[in-house]
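**Student:** dropping the sequence and predicted coords here.
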Amino acid sequence: MNMGNANGEDAIEALQAHAHIWRHAFNFVSFMSLKCALDLGILDIIHDHGKPMTITQLVGALQMLNPTKACDIYRLMHILVHSDFFARQKLDNDAQEEGYVLTNSSRILLKNNPFCITPTLKATMDPIITKPWSFLGTWFQNDDHTPFATAYGKTLWDYFTHDPQLKDLINDGLASDSQLVTSVLVDKCKGAFEGLESLVDVGGGTGTTAKAIADTFPHMECTVFDLPHIVAGLQGSKNLKYVGGNMFEAFPTGDAILLKKVLHDWNDKGCLTILKRCKEAISSQDKVGRKLIIIDMVVRENEQVNDEASSLTKTQLFFDMLMLVLVAGKERREEEWAELFLAAGFSSFKITPIVGLTSLIEVYP
Ligand SMILES: C[S@@+](CC[C@H](N)C(=O)[O-])C[C@H]1O[C@@H](n2cnc3c(N)ncnc32)[C@H](O)[C@@H]1O
Ligand SMILES: O=c1cc(-c2ccc(O)cc2)oc2c(O)c(O)ccc12
């Protein structure tokens, strides 16, 4: 673009640039509008209505709505239709009048959907979690560990100790996120677990994944290992137990160690320490078939073959930024994983994409 001497083509380019910039600058509007729809319970109201719901019916059903704001609900719905969280449908074949219905992206947010990810979304949308993003620029210029630490003067883990509500919000979020991945895992990736007599889910949180594995493989002894305050008071079952401790020190051994969304919380140095501990733990077992199983993202940077692949990569990069802002972790590309495995002394690995953003990585001693 010629900066000094604007002509018609320059102006068109500038207008396109404006549109591009505003579209990105206002990405938060879809996010906040969706948060508002969740806060007002609009998704469940439209679902419970059972057929396309007109704006008048929706306004009538929003019992807490201040009547002076009723005329603005259509504006909220307008942006959410554009963001593909709702669609408009004719009330019936002959009718002119339209009503709102849910789309695939909003159905998964309904309370009774078994794969509901609303808790994860609520955690990510919480003002305590969104505030550190404003400190990203400051963080690049200071010595703090994370933008979260710049915002609050402490790590996310330390924040949890004085705000158990935030801890519960994030843990519920991670547990809800586990449901979908885990159900695909024990169905489509069953082979990865077959033949294992014992498995330790290190950083296993409240045990959503290990419970599903223990139920699918009743002969497998499963252990959930996490920080003492995370597993305190949790009840195991016949083939599932909880153990508290610090994974940087020691953890129980088994035929397989599982690390699900644990390594993305740590920088390379932290990951290397955890991976070396895992290598020691499975190497101490004198059996064939021992392995480390990782469930995490493998960022697919060079596969922009179509819009869907490119949008998947972009979402993975968003998560990468989330890890940078909250916990000094990162989402890794295949080459980055390979380097870590090699440095920790593993001999080989195999990646199997599970669903959407996440992959299963089997790593061999
Ligand atoms: C992102 S969460 C993943 C939880 C679970 N694996 C999942 O997929 O939902 C990371 C987990 O690592 C645990 N963790 C963090 N530091 C730990 C440590 N030093 N020792 C054991 N667990 C730890 C956290 O408590 C948390 O449950
Ligand atoms: O707020 C989060 C969200 C995630 C998360 C959710 C869904 C995914 O598919 C991947 C990651 O992970 C988090 C995390 O690991 C953490 O330590 C704190 C917060 C979050």
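**Tutor:** Good, I have the coordinates. Ligands and ions are numbered 1, 2, ... in the order given.
**Student:** need the residues of this structure near ligand 1, please.
**Tutor:** Taking Cβ under 6 Å from any ligand atom, the part of the chain that reaches ligand 1 is made up of 174, 178, 203-205, 209, 226-227, 230, 246-248, 260-262, 265. (Each C-beta comes from the backbone N, C-alpha and C, glycine too.)
**Student:** same thing but 5 Å
**Tutor:** The chain comes close to ligand 1 at residues Leu174, Ser178, Gly203, Gly205, Asp226, Leu227, Ile230, Asn246, Met247, Lys260, Lys261, Val262, as judged by Cβ under 5 Å from any ligand atom.
**Student:** residues from the stretch 101-250 of the chain in reach of ligand 2?
**Tutor:** Where the stretch 101-250 of the chain comes near ligand 2, counting by Cβ under 5 Å from any ligand atom, the residues are Ala123, Thr124, Asp177.
**Student:** what are the ranges of the helices in the stretch 201-350 of the chain?
**Tutor:** 208-216, 228-231, 268-283, 307-327, 334-343 (DSSP state H, counting those that start in this stretch).
**Student:** now the ones you listed in TSV, with mean neighbour count and mean pLDDT?
**Tutor:** Converted to TSV, these look like this (neighbours: other Cβ atoms under 10 Å; pLDDT from 0 to 100):
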stretch	mean neighbour count	mean pLDDT
helix 208-216	21	93
helix 228-231	16	90
helix 268-283	18	94
helix 307-327	16	89
helix 334-343	16	97
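**Student:** right, so of those, which gets closest to Gly289?
**Tutor:** Smallest distance to Gly289 across the helices of the stretch 201-350 of the chain (Cβ to Cβ): 10.0 Å, for helix 268-283.
**Student:** so what touches the longest helix anywhere in the chain?
**Tutor:** Looking across the chain with DSSP state H, the single longest helix is helix 164-188. Here helix 164-188 makes contact (Cβ atoms under 8 Å, 6 or more residues apart in numbering) with 114-124, 126, 128, 156, 159-160, 193, 205-206, 208-209, 212-213, 216, 230, 260-261, 295, 354-355, 358, 360.
**Student:** so which of these are in strands?
**Tutor:** Among the contacts of helix 164-188, the members found in strands (DSSP state E) are Lys260, Ile295, Ile354, Val355, Thr358, Leu360.
**Student:** which of these tops the neighbour count?
**Tutor:** Highest neighbour count within the ones in strands among the contacts of helix 164-188: Lys260, with 25 neighbours (other Cβ atoms under 10 Å).
**Student:** hang on, that one packs against Val200?
**Tutor:** No. Contact status for Lys260 versus Val200: not in contact, 11.8 Å apart, counting by Cβ atoms under 8 Å.
**Student:** for the residue lying closest to Gly345 once chain neighbours are set aside, what are its contacts?
**Tutor:** In space, and not counting its chain neighbours, Gly345 is closest to Lys279: 5.1 Å by Cβ to Cβ, 6 or more residues apart in numbering. By Cβ under 8 Å, 6+ apart, the contact set of Lys279 is Leu292, Ala344, Gly345, Phe346, Pro365.
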